[in-house]
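Q: Return atomic coordinates for the entry below.
(one chain, ligands or ions: 1)
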Amino acid sequence: MAKEERDRAKEKAKEMIKKYFSVCPLCGQDLIEGRCNNYHDLSLIDIDDILASQNSETSSKDSVVLSQLITDQGAIIAQLKVGLRRKKRSFEQGTVFLVTDDEIEGQRWLGDPFESVKFEDLGQVLTEDQLAAKEIERAKIRYQESLKYAQRQVEEGVWRLGSFVKSKNPKTGEEQWELTTQSKGLVIKYVVNRWSRQPTAPNLKYYFQIGKSLVDTKSFKLFLVDLQEPFPEDKLEESLTSTNKVKQEQVEELV
Ligand SMILES: [Zn+2]
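A: Next up, the predicted model:
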């Protein structure tokens, strides 16, 4: 009787494994013998989040659990994992593989009969929206970092901060962005180098570095300047798409 029950449980477990672990969650291909040997892009998964949610003492850092099948008694029948490192063949980075029995992290199933199973998708495969959100988050961090750097450059007098107006080069008639300051009879004009990224609006403040001096007299100085990061239009309050649009326009202007 007990043996029969255990055999039945074993059959049921096999069926459930087949049902829940037939397709690779990272690429959608069929798992072959519980494996997908494609080298998946690990940025599809929030590894840090997974490691934080799994017991770091029992979980090997060579791999993380993507999903698992648990009996109604809390015993783990199978786990689908993704490799993080190249240490062992079975843990190759980015490959997906199924583990059972003593390879399981945590309380493994010992063959006891069960009523039902629970499929726990640990939800680490990020959706496109989540990936986009993550990318925006990273862009915000990059912006903040370059802002800090730029502010320090201004404090140290290496860079300046100012708004430019669109004007025309008096000799060539070409459009140019310039900033003019005037004090005690000295006029200083800063012209954005044509090879530099250009301002997009007169009301925006840009960091810039002073380059070549073109005119240097007692009453008038003219410098070429290069705009520096971060650019005000890159401040990510809006969606990424609008930033891409700005970049697109920049490219077109340069061409
Ligand atoms: Zn795959």
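
Q: Can you tell me how far the nearest residue to L98 once chain neighbours are set aside is from the ion?
A: Spatially, and ignoring its direct neighbours in sequence, L98 is nearest to G34 (3.1 Å; Cβ to Cβ, 6 or more residues apart in numbering). Yep, even glycine has a C-beta here, placed from its N, CA and C like the rest. G34 sits at a distance of 12 Å from the ion (criterion: Cβ to the ion, to the nearest Å).

Q: what packs against the top strand by length along the chain?
A: Residue-count comparison of every strand in the chain, with assignments taken from DSSP state E, identifies strand 206-216 as the longest. Contact analysis of strand 206-216 by 3 or more Cβ pairs under 8 Å, 6 or more residues apart in numbering; DSSP states H and E lists helix 128-155, strand 159-162, strand 186-192, strand 220-228 as its packing neighbours.

Q: Give me the residues contacting the third one.
A: Contacts to strand 186-192, defined as Cβ atoms under 8 Å, 6 or more residues apart in numbering, come from residues 160, 162, 164, 169, 176-182, 198-199, 208, 210, 214, 218-227.

Q: about what we covered before: quick one, which of the helices and strands packed on strand 206-216 is nearest to A78?
A: helix 128-155 (25.6 Å; Cβ to Cβ).

Q: Can you mark which positions in the closest one are buried?
A: Residues of helix 128-155 classed as buried by neighbour count (16 or more other Cβ atoms under 10 Å): Y143, S146, A150, Q153.

Q: Tell me the residues of the stretch 1-150 of the chain that contact the ion?
A: Of all the residues in the stretch 1-150 of the chain, those in contact range of the ion (Cβ under 5 Å from the ion) are C24, L26, C27, C36, N38.

Q: ok, what's across the strand from I45?
A: Legend: beta-bridge partners of I45 under DSSP bridges are V125.

Q: what's the answer for W159, then?
A: As for beta bridges, W159 partners with Q209 under DSSP bridges.

Q: before we move on, what about Q79?
A: Judged by DSSP bridges, the bridge partners of Q79 are Q68, V99.

Q: and the gap between it and the ion?
A: 16 Å.

Q: who's in contact with the longest strand of the chain?
A: Strand 206-216 has contacts (Cβ under 8 Å, 6+ apart) with 150, 153-154, 158-164, 190-193, 199, 221-232.

Q: Buried members of these into PyMOL, please.
A: Buried subset of those, written as a PyMOL selection, criterion 16+ other Cβ under 10 Å:
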select buried, resi 150+153+159+160+164+190+191+192+193+199+221+222+223+224+225+226+227+228+230+231
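
Q: isn't there a strand covering I77?
A: Yes - under the criterion used here (DSSP: H, G, I helix; E, B strand; the rest coil), I77 sits inside a strand.

Q: What count of nearby residues applies to it?
A: Using other Cβ atoms under 10 Å, I77 has 24 other residues around it.

Q: can you pull the contacts of the closest residue to S116 other than its chain neighbours?
A: Excluding its sequence neighbours, the residue lying closest to S116 (Cβ to Cβ, 6+ apart) is D72, at 4.9 Å. With contacts taken as Cβ under 8 Å, 6+ apart, D72 has the following neighbours: F114, E115, S116, V117, K118.

Q: Show the pLDDT at D72.
A: At D72, the model reports a pLDDT of 95.

Q: Distance-wise, check it relative to the ion.
A: Here the distance between D72 and the ion works out to 30 Å (Cβ to the ion).

Q: and the residue nearest to I47 when sequence neighbours are not counted, which of the three is it?
A: Distances taken as Cβ to Cβ, 6+ apart put V64 closest to I47, at 6.4 Å, once the chain neighbours are dropped. For V64, the secondary-structure state derived from three-state DSSP is strand.

Q: and V64, how many neighbours does it have?
A: When neighbours are counted by other Cβ under 10 Å, V64 registers 23.

Q: Much appreciated, bye for now.
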